[in-house]
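*Asks:* any chance you could fold what I've pasted below:
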Amino acid sequence: MSKSTRKSLRTSLQRTYVNYQDIAKNNNIYHTFMNLVSGIYGFVYRSSFDNHYIIINKNLTKELQKEVFCHEVEHILFDFPIAPYIIGIDMQYSTIEKAADDFAKAVIAANYF
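*Replies:* Numbers count the residues shown, from 1 in each chain. As a prediction, the model looks like this:
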């Protein structure tokens with residue numbers, strides 16, 4: 001997705017109330033909370049039935065859990081159609097991780113969640 005398309009989508013989302021949990025369920029995206037090792041905030045698993053499961057570290061604050069959820073939804077909606085298999089624990093400085101962080105922060109800042 002181009003930078004201008006991403007910016008346009010973000011602007012549209014900032015002007016409209018969006019229930020991300022409803023959007024997620026309508027797109028076969030489910031989430032659960034688990035004990036994960038320190039430093040792992042969350043990840044996405046795609047099943048053979050094309051459902052996406054977001055696993056979120058239950059030891060994080062509620063606010064950070066929301067941010068992780070939005071971050072992972074951004075990967076599902078925008079990154080996975082291009083690169084369906086992304087594996088990496090130490091990728092926090094990569095372009096796709098930065099874009100997902102920016103998206104999640106914009107969603108949280110706009111109080112859509």
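
*Asks:* give the buried residues for the helix or strand harbouring A99.
*Replies:* Taking DSSP states H and E as the criterion, A99 maps to helix 95-109. Of the residues in helix 95-109, I96, E97, A99, A100, F103, A104, A106, V107, I108 count as buried by neighbour count, 16 or more other C-beta atoms under 10 Å. C-beta: built from backbone N, CA, C; applies to glycine.

*Asks:* packing partners of it?
*Replies:* helix 3-14, helix 62-74 (3 or more C-beta pairs under 8 Å, 6 or more residues apart in numbering; DSSP states H and E).

*Asks:* pick out the shakiest of these, pLDDT-wise.
*Replies:* Mean pLDDT per stretch puts helix 3-14 lowest among the helices and strands packed on helix 95-109, at a mean of 62.

*Asks:* mind checking what helix or strand follows that one in sequence?
*Replies:* helix 20-26.

*Asks:* who are the packing partners of that following helix?
*Replies:* Secondary-structure packing of helix 20-26 (3+ C-beta pairs under 8 Å, 6+ apart): strand 29-34, helix 62-74.

*Asks:* any chance you could list what contacts the last one?
*Replies:* I take that to be helix 62-74. Contact partners of helix 62-74, identified using C-beta atoms under 8 Å, 6 or more residues apart in numbering, comprise 20, 23-24, 29, 31, 33, 41-44, 54, 56-58, 60, 99-101, 103-105, 107-108, 113.

*Asks:* how about 7 Å then?
*Replies:* Helix 62-74 has contacts (C-beta atoms under 7 Å, 6 or more residues apart in numbering) with 20, 24, 29, 31, 41-42, 44, 54, 56, 60, 100-101, 103-105, 107-108, 113.
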